[in-house]
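**Student:** Sharing a sequence plus its predicted fold:
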Amino acid sequence: MKNLLTVLKYAKPFKKTLALIAVFIVIVAVNKQVNPWVSKFAVDHVQKAVEGEITTDEAIDKVIPLFIVVLIFSWLNWFASRASWRFSQILSEKLRGHLRSVALEHLLIQDVAYFDKQTSGSVMSKMDRGINRFVDQISEATTFFIPNILAAILAIILILQVKWEFAALMVVAFIPFIVINMLAIKRHEPLQKRFNKLYDHEFGHFWEVISSIRLVKSFNKAGYELKKLARFNRKIIRLNLRIERVWDLASVKDFFLTTWVWGINLYLVISAIQGDITIGTYFLLTAYSHTLREPLWNLTWMYFEFKKMSIGARGLVRILNKRPKIVDKPNAVTLWKVEGEIEFKDVAFGYKEKEKVLKDMDFVIKPGETVALVGKSGSGKTTIINLINRFYDVSAGSIKVDGHDIKDVKLNSLQQNIGMVLQDAYLYDDTIFENLRYGKLDATEKEMIEACKLANSWEFIEKLPRKLNTKIGERGIKLSGGQKQRLSIARTILKNPSILILDEATSSLDSESEAKVQRAIWNLIQNRTTIIIAHRLSTIQRADRIFVLGNGRIKEQGTHEELLKIGGIYARLHKFQISREADELLDEYELD
């Protein structure tokens, strides 16, 4: 119930539609009372005519208006039912879209650390299942469940005026029905949780399989993945069989209810024979026995579905309730014209509390300066980049941009002034135009072409039949590695950041592609504060300063020439960069 209430609060924007549906639900529920009562009065008039209490003409005069009433209410019922269905379907789609937007908004504001612990496929599975089950439940409830329950309540109130014993007998039928259901759902709930957990895990894995199809094919592991899917299917089937066994045992309630209703019908027949009730009243109460049985069955079904929805929506609720740790302070300032000075002061950080990646890190990068980072794997190169972007908060110390502690500035204004070109160029399955717009949403075609020329990417784009309107496939699969990188650089040029980060932007390229990307990079670097992580010493040599990292600290720093004179780690790397005996050392420092 808690999960349901959590999700329901997001339906507030649609309260007018819900109110309108409620009106139609009441109309439908009231209409369900008409036919039994009209049947009662019609049969009673017929009985009186047969017994000679009234003439045939009098009976006809009394019965015809009753059928006119039935016709009018039937039309009204048709209209209300159709309207209720129509508005509930419209509400479902609006609510589905709204919940998707809300869930995606919550995901987009989460810290990067949140996604370190989640697989994208599992997150999407939880979102999709939670939203669909909740929305489907709202639709089913407004269309079937609530009208039937309301009709049942009205029926019991009206029956109490006719024969209270019958109403009491029908109410008693609810008790064992509900008890059996609750016991069955109690056994079903842990099985459903296991089902959802297993499904989320496997959904995440198969999402990765599709996105890594080249890896699967290159290792010839299609058969292996199919076997994993077969094992998953067997587990799911076994769980479903266990769930069905629970409900097989619980189905005794249906037998009980059927027996109980026929027992009540026998009681009504005996009452009619003995003259305790009229034939019309017999028809009325018999009709109501079926009117009440339907809500009972629906109650079981809907309660089961509500519990299933509640269990299925837990993942969605956790997403909606998750609050990011990295948020703007109430008095956070906006960074406007950023010069690009970056200062690390006594910075310490670790992804795990007791394992520090950076220790007492101190440095200042001047505006417009280019700094290269060199170090072993795990020395903190990428961590420095993550902290500058405030993907994570420092454990100790401070990071300042233009003298402002980044914890005191608005996160979006900080990240708007930082541009990144990574080893893996992230491109969407869309046109080149739309991918470039990510850098600047209001960029004109002229600005895009100019950016592409600076990035040395226009030379291949202009040869494409549709030029900027060419679709490039998922992750830019229709482009070569060098073309993707140059497009990524063009996108960053459009963003026009004051601070630029290049994380192994040319490491996976061949020599020809690297040369083109290198020229694009140095066009991009002009007049920007730049941090470079590179495999190529040739790239590092052009930096204004080089930081050699080790054990969470800066071991050496200086220009290329200064570091050679020191004769330390960097000098050894440079001396042996073309020597075979240096291969092991270069590998250790991730250099080519």
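**Tutor:** Great, that's in hand.

**Student:** what helix or strand is the residue nearest to the spatial centre of the chain on?
**Tutor:** Nearest residue to the geometric centre of the chain (CA atoms, centre = their mean): residue 127, 3.4 Å. For residue 127, the enclosing helix or strand under DSSP states H and E is helix 120-140.

**Student:** For that helix, list every residue counted as buried.
**Tutor:** By neighbour count on 16 or more other CB atoms under 10 Å, the buried set for helix 120-140 is 121-127, 129-135, 137-140. C-beta coordinates here come from the backbone N, C-alpha and C atoms, glycine included.

**Student:** now swap in stretch 69-86 and tell me
**Tutor:** Here stretch 69-86 shows 70, 73, 77, 80, 81, 83, 84, 85 as buried, counting by 16+ other CB under 10 Å.

**Student:** Mind pulling up the pLDDT for the fifth one?
**Tutor:** Per-residue pLDDT puts residue 81 at 81.

**Student:** Might you report the residue contacts of the closest residue to it other than its chain neighbours?
**Tutor:** What sits nearest to residue 81 in space, not counting adjacent residues and going by CB to CB, 6 or more residues apart in numbering, is residue 28, at 5.6 Å. Going by CB atoms under 8 Å, 6 or more residues apart in numbering, residue 28 touches 77, 80, 81, 84, 147, 151.

**Student:** Just give me the closest of the residues you listed to residue 311.
**Tutor:** The shortest approach to residue 311 among these belongs to residue 147, at 25.7 Å (CB to CB).

**Student:** Dihedrals phi and psi, the closest one?
**Tutor:** phi -60, psi -40 (degrees, to the nearest 10).

**Student:** host element of the spatially closest residue to it that is not a sequence neighbour?
**Tutor:** Closest residue to residue 147 apart from its sequence neighbours, by CB to CB, 6+ apart: residue 28 at 4.5 Å. Applying DSSP H and E as the criterion places residue 28 in helix 15-31.

**Student:** and if you look at residue 319?
**Tutor:** helix 314-321.

**Student:** can you give me the offset of the next helix-or-strand element following that helix from its chain's centre?
**Tutor:** Next helix or strand after helix 314-321 toward the C-terminus (DSSP H and E): strand 342-349. Remark: strand 342-349 is offset 35 Å from the chain centroid, using CA atoms, centre = their mean, to the nearest Å.

**Student:** With stretch 109-116 instead?
**Tutor:** The answer for stretch 109-116 is 14 Å, by CA atoms, centre = their mean.

**Student:** Can you pull out the low-pLDDT segments for the stretch 151-300 of the chain?
**Tutor:** 203-204, 207-208, 211-215, 217-219, 291, 294-300 (pLDDT under 70).

**Student:** Let's verify residue 277: helix, strand, or coil?
**Tutor:** coil (DSSP: H, G, I helix; E, B strand; the rest coil).

**Student:** Give me the subset of the contacts of residue 28 lying in helices.
**Tutor:** Secondary structure from DSSP state H places 77, 80, 81, 84, 147, 151 of the contacts of residue 28 in helices.

**Student:** list the contacts for the first one?
**Tutor:** Residues touching residue 77, when contacts are defined by CB under 8 Å, 6+ apart, comprise 27, 28, 31, 32, 34.

**Student:** show me where this protein has strands.
**Tutor:** Applying DSSP state E to the chain gives strands spanning 342-349, 358-365, 370-375, 396-401, 404-405, 418-422, 499-503, 529-533, 545-550, 553-558.

**Student:** picking that back up, and which of the ones in helices among the contacts of residue 28 is nearest residue 16?
**Tutor:** residue 84 (14.8 Å).

**Student:** how close does the closest residue to that closest one other than its chain neighbours get to residue 11?
**Tutor:** Leaving aside its sequence neighbours, residue 84 sits nearest to residue 24 (CB to CB, 6+ apart; 3.9 Å). Per CB to CB, to the nearest Å, residue 24 is found 17 Å from residue 11.

**Student:** Between those two, which is the more surrounded one?
**Tutor:** residue 24 (21 against 18; other CB atoms under 10 Å).

**Student:** you'd agree that one is up against residue 87?
**Tutor:** Yes. The criterion here is CB atoms under 8 Å, and residue 24 meets it with residue 87 at 7.2 Å.

**Student:** Turn the strands of the chain into TSV, including mean neighbour count, distance to residue 255 and mean pLDDT.
**Tutor:** Formatted as TSV, those follow (neighbours: other CB atoms under 10 Å; distance: least, CB to CB, whole Å; pLDDT from 0 to 100):
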stretch	mean neighbour count	distance to residue 255	mean pLDDT
strand 342-349	19	65	91
strand 358-365	18	69	89
strand 370-375	22	73	88
strand 396-401	18	69	90
strand 404-405	16	71	90
strand 418-422	22	64	83
strand 499-503	23	67	85
strand 529-533	25	71	88
strand 545-550	22	74	88
strand 553-558	17	76	88
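
**Student:** between the ones you listed, which one is nearest to residue 573?
**Tutor:** Short answer: strand 370-375, nearest of the strands of the chain by CB to CB, at 7.4 Å.

**Student:** Neighbouring strands - and their directions - for that closest one?
**Tutor:** Its sheet considered, strand 370-375 pairs with strand 529-533 (parallel), strand 545-550 (parallel) by DSSP bridges.
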